[in-house]
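Colleague: any chance you could fold what I've pasted below:
(4 chains)
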Protein chains: 2
Amino acid sequence: MANRKKKSQAETVTMKSIAEEAGVTLTTVSRILNNKGDKYADATKKNILEIAERLKYRPNALVLGMQTGRTNTAGVMMPSSSTFYSQVISGIHDVFMKKETIMLLSWNDRSVTQQEEVIERQIIHRMVDRRVEGIILRPSSEKFERSYFEEIWERNIPLILIDRDVPTISTHFVGTDGYRGGEQVAEYLISLGHQNMLFAGSGSIVSSSIKREAGFRKVLSESLNAYCQRTLDSTQNSYQTDLLECMNQRSHPTAIFCYNDDLAMGTAKILLDAGFSIPGDVSIVGFGNLPYTDPVMPLTTVEQYPEKIGAEAARLYFSSIRDQTPEIKRRLLPTDLVVRGSTRSII
Amino acid sequence: MANRKKKSQAETVTMKSIAEEAGVTLTTVSRILNNKGDKYADATKKNILEIAERLKYRPNALVLGMQTGRTNTAGVMMPSSSTFYSQVISGIHDVFMKKETIMLLSWNDRSVTQQEEVIERQIIHRMVDRRVEGIILRPSSEKFERSYFEEIWERNIPLILIDRDVPTISTHFVGTDGYRGGEQVAEYLISLGHQNMLFAGSGSIVSSSIKREAGFRKVLSESLNAYCQRTLDSTQNSYQTDLLECMNQRSHPTAIFCYNDDLAMGTAKILLDAGFSIPGDVSIVGFGNLPYTDPVMPLTTVEQYPEKIGAEAARLYFSSIRDQTPEIKRRLLPTDLVVRGSTRSII
DNA sequence: ATGAAAGCGCTAACAT
DNA sequence: ATGTTAGCGCTTTCAT
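Modeller: As a prediction, this is how the structure comes out:
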């Protein structure tokens, strides 16, 4: 009889094998191991438990999942690019740990543009096939996700979006309140006495950049004498030139708000190389509070609490796999300013 | 009849439901969808395929896994702490993507010391219960892993260790050749003309630190006039004092090799704060090539290629879930020196 | 060219 | 206090 099972695996221990060893039925074993055996004789119980222990029995979660639909498994898909997402995943993980749940993880940012959708669809399929109870993901695009969204939605699988909102679909969402973050930066820079400022963003495509700028400008526009002289686009080749052009004016900006930490550090480098001092000549603020261990240029930035985002998403996950029709929840978590050495008061 | 299945899920599409719709048997559907239907009439085939497509049928991987033992699922457990491990995971992921495999991921560094073993055991159980075909993990300790190693080993589940070797157990291992990395650093610093050097390590417990130091010292010991004046222990409170004490000697060390990048950056900070210039007064070398975007202090360091480590581990994973008794493989991947601005020639 | 039936490991309704 | 049986979704003999 050819062995259909994997390998010559030292005879997998099943309830059946325990039952045989104990001389009882499968059912008895099942009930005792699942604590539904109030009625069983203590001797029987003890015996079964002892055998299971000795044989190191482990339930087959696949069978359970197949029967009940409860797999205690979630699908998580994120870009691997940034440490921000690792931290989000940590937040999710912490909550999952307490709930017997484990995640099937996949990245979604390594793909070639053209094949992107195909690959992500494939990932979704791998998750669906394994009957995840819900999916948490960071959309890789604000456009075509409708395709895989349908794969999920049509199967009634709860979906929680992270970080990047997709206006066209109605589902749970957890992200950062970038608008408020932008406001905080403006308020802070104004309090330091800055008036002539710059915003360095990421063109008009990245919505997070847009929101941060909007909050920033909103506060400046309400201020008496502070203003944003110009918005620089870091995706342009001319970024460096544009930046230095601004800085070489007789009365140049005294503060620059960069839409993320990477840009802030890059901008700092350009300025330092050009002979400017930070924060002597210009103050610089980033966004994201990436774990830089930079001894020389501690960056003033905005903390987004990625772990909290993850934890909140996990909580939404659990509430939506329980309730039948939970109302759609969208959460924008508050940010906090982290003041370090790249900014200074000019009053 | 109470619905045992999850939710009121728009009637899950099964082979059975397709069979009913098509007016054939389950068997027929199974064979056709699995391309084992050479004998079937084209019309039948076309019809079944069309229905499956229209109903968006998806196979139930749980059933398949239960029947064949092949779940195409791997268990991956790593510390979440460092970006090094995110990159290792990326490497694993890339290989998995090509092989229909997906990972059940868990971190193992958040735990309280005492409960560490319990928690990791629990994680292993969650993976085993879901019938992962193999496990890739970074041992959280070089001591008690024997416990959960047995959980895995006794079930004949292939195990691949990452980064940290556990001498007591005989299984696959992929890591960095830290000894060679240490040698490279020494060779480089010698070529720059340095003679009086320092090694900053992590006490005598962390084996990676020990190996790097050993390679470093080995080369120095073979040199005519270069030497390592002292080994500083960064885990001691006295680290800063010890460091400055060394540096305040009349002829102080001109180069410091720190066992990792974090320590290198911390050390740089201490030195800069104390008025030393880098690399003017001292050259500093780190280890790991963490993605710092540091404009001011580009660190000379050693690249470990974490993604390659992950990819290699994934390859070992596949070879060992296929072969019955593959020979134990241990791989130490070579490192490369990354020269940046924190070192200079003093010749 | 297609179907019937057994079985994978387990739960739960239905006996006794 | 314990057993019998059906069934979860599917693959795989073994028929016809």
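Colleague: mind listing the strands for the stretch 201-347 of chain A?
Modeller: A:227-233, A:255-258, A:283-285, A:301-303, A:330-333, A:336-338 (DSSP state E, counting those that start in this stretch).
Colleague: can you put those strands in TSV and add mean pLDDT and mean neighbour count?
Modeller: All C-beta atoms are positioned from the backbone trio N, CA, C, and that covers glycine. Listed next are the strands of the stretch 201-347 of chain A as TSV, based on pLDDT from 0 to 100; neighbours: other C-beta atoms under 10 Å in any protein chain shown:
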stretch	mean pLDDT	mean neighbour count
strand A:227-233	96	17
strand A:255-258	98	29
strand A:283-285	98	26
strand A:301-303	97	23
strand A:330-333	95	16
strand A:336-338	97	15
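Colleague: nearest to DNA strand C, out of these?
Modeller: DNA strand C lies closest, by C-beta to the nearest atom of the strand, to one member of the strands of the stretch 201-347 of chain A: strand A:330-333, at 33.9 Å.
Colleague: so who does the residue nearest the centre of chain A touch?
Modeller: The centroid of chain A falls nearest to A:Val88 when counting by C-alpha atoms, centre = their mean (3.8 Å). Contact analysis of A:Val88 by C-beta atoms under 8 Å, 6 or more residues apart in numbering or on different chains lists A:78, A:138, A:162-163, A:306-307, A:309-310, A:313.
Colleague: need the strands of the stretch 201-347 of chain A in JSON lines with distance to B:Ala255, can you?
Modeller: Below are the strands of the stretch 201-347 of chain A laid out as JSON lines (distance: least, C-beta to C-beta, whole Å):
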{"stretch": "strand A:227-233", "distance to B:Ala255": "40"}
{"stretch": "strand A:255-258", "distance to B:Ala255": "35"}
{"stretch": "strand A:283-285", "distance to B:Ala255": "32"}
{"stretch": "strand A:301-303", "distance to B:Ala255": "33"}
{"stretch": "strand A:330-333", "distance to B:Ala255": "45"}
{"stretch": "strand A:336-338", "distance to B:Ala255": "34"}
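Colleague: nearest to DNA strand D among those strands would be which one?
Modeller: That would be strand A:330-333 among those, by C-beta to the nearest atom of the strand, at 33.1 Å.
Colleague: and the pLDDT for A:Gly286?
Modeller: With respect to pLDDT, A:Gly286 has a value of 96.
Colleague: so it is in contact with A:Asn260, correct?
Modeller: Yes: A:Gly286 is within contact range of A:Asn260, at 6.4 Å (criterion: C-beta atoms under 8 Å).
Colleague: low pLDDT regions in chain A?
Modeller: The model of chain A has pLDDT under 70 over residues A:1-10, A:110-116, A:142-148, A:293-296, A:324-325.
Colleague: name the residues of it found near DNA strand C, please.
Modeller: A:4-5, A:12, A:14-16, A:26-27, A:30, A:33-34, A:36, A:59-60, A:63-64, A:66-68 (C-beta under 7 Å from any atom of the strand).
Colleague: buried subset of those as a PyMOL selection?
Modeller: Buried residues within the residues of chain A next to DNA strand C, by 16 or more other C-beta atoms under 10 Å in any protein chain shown, are selected in PyMOL with:
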select buried, chain A and resi 12+14+15+30+33+59+60+63+64+66
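Colleague: rewinding a little: so which of the strands of the stretch 201-347 of chain A gets nearest B:Glu183?
Modeller: Minimum separation from B:Glu183 across the strands of the stretch 201-347 of chain A (C-beta to C-beta) falls at strand A:301-303, 38.6 Å.
Colleague: what does that closest one rub up against?
Modeller: By C-beta under 8 Å, 6+ apart, strand A:301-303 touches A:181, A:184-185, A:261, A:264, A:285-290, A:335-338, A:340.
Colleague: buried ones among the residues you listed?
Modeller: A:181, A:184-185, A:261, A:264, A:285-290, A:335, A:337, A:340.
Colleague: possible to save those residues as CSV with distance to DNA strand D?
Modeller: CSV is the format used below for the buried ones among the contacts of strand A:301-303 (distance: C-beta to the nearest atom of the strand, whole Å):
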residue, distance to DNA strand D
A:Gly181, 47
A:Gln184, 51
A:Val185, 53
A:Asp261, 47
A:Ala264, 51
A:Val285, 54
A:Gly286, 50
A:Phe287, 46
A:Gly288, 44
A:Asn289, 46
A:Leu290, 44
A:Thr335, 45
A:Leu337, 52
A:Arg340, 55
